[in-house]
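# below is the sequence, then the predicted model.
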Amino acid sequence: MTSSTFDNRIALITGAGSGIGRAMAVAFAKAGARVVVCDVDLASAERTAADIGDAAVAAAADVSDETSVAALVETAIGAYGRIDVLCNNAGIMDTMALPADVTVGQWERVLRVNLTGTFLVTHAVLPHMLAQGGGAIVNTASEAGIRGGAAGVAYTASKHGVVGLTRSIAWAYAKDGIRCNAILPGPTATGIAANLSFDPAGLNRLAPVLALGERMAQPEQMADAALFLASEAASFVNGAIVPVDGGWSAA
């Protein structure tokens, strides 16, 4: 993408304080967009925005909370007047627990952030995209969105849900000029699992499948895929579920 691909476009990116979301924010800014850098941790969002410079503003939001999401969208509209691109990237891992071992609390927390959070932000942004005549949404799903053995049950169910949500939005709003696609990252060098203690039984059961994805990607490779899907180069790509996994899903 050239430095002018997204000139005069506004991108809202969640989970942009680190990892894939940070790489997305930097990539969109380099391509000419102005970026709303959102993260649940305001300090990390501010660091990303500071690194980008004048083309970015930082905002804190908990995507699992409807009131917090409404305030986020108000901030974005107040800063730039519109939202042309939404990257629903915020998410959390589970502990790789098997279905019999996951707690209801763990299940509800992961589903609330990964799936309901993606819905809530999209739900709040859609009226603005409809009013302005279009927009592009890129959801971060996962290899676990198309496999049963790439994560624990909560994360797997949440990312399968993101895939279904992506397709539903694409179908519902295609005639309104709104496209919705998803990337499915394979193993990527981020800190998403840094503070987790994984369930030994789950890891042991999932190990044969996880071993297929040992090749590690960089966050910038995920950002490049999102940038393409949000661009006019992908103007007829809608409802696509795109593995960005080095071939893992082909096995």
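Sure, I can see it.

# what about N114, distance to T140?
Between N114 and T140 the computed distance is 9 Å (C-beta to C-beta, to the nearest Å). C-betas here are computed from N, CA, C, even on glycine.

# for the most centrally placed residue in the chain, report the pLDDT, please.
Taking C-alpha atoms, centre = their mean, the centroid of the chain lies closest to N89, which sits 1.9 Å from it. pLDDT, N89: 98.

# G149 too?
With respect to pLDDT, G149 scores 85.

# that's a helix at it, yeah?
No - the assignment for G149, made by DSSP: H, G, I helix; E, B strand; the rest coil, is coil rather than a helix.

# now do the helices in the stretch 151-251 of the chain.
Ranges of helices in the stretch 151-251 of the chain, per DSSP state H, counting those that start in this stretch, are 153-173, 200-210, 219-230.

# from the chain's centre, how far out does the longest one sit?
Per C-alpha atoms, centre = their mean, to the nearest Å, the displacement of helix 153-173 from the mean C-alpha position of its chain is 12 Å.

# wait, doesn't T5 sit right on A29?
No - judged on C-beta atoms under 8 Å, T5 makes no contact with A29 at a distance of 11.4 Å.

# neighbour-wise, which of the two wins?
Each of T5 and A29 has its neighbours counted (other C-beta atoms under 10 Å); A29 has more, 24 against 18.

# which SSE is that one in?
In this assignment (DSSP states H and E), A29 forms part of helix 19-30.

# got the angle for the very next helix or strand once past that helix vs helix 19-30?
Downstream of helix 19-30, the first helix or strand assigned by DSSP H and E is strand 34-39. Here the directions of strand 34-39 and helix 19-30 differ by 170 degrees (axes from the mean of the first three to the mean of the last three C-alpha atoms, to 10 degrees).

# ok, and what's touching strand 34-39?
Contacts to strand 34-39, defined as C-beta atoms under 8 Å, 6 or more residues apart in numbering, come from residues 9-18, 21, 25, 28-29, 45-46, 48-49, 52, 55-61, 63, 72, 75-76, 79-80, 83, 90.
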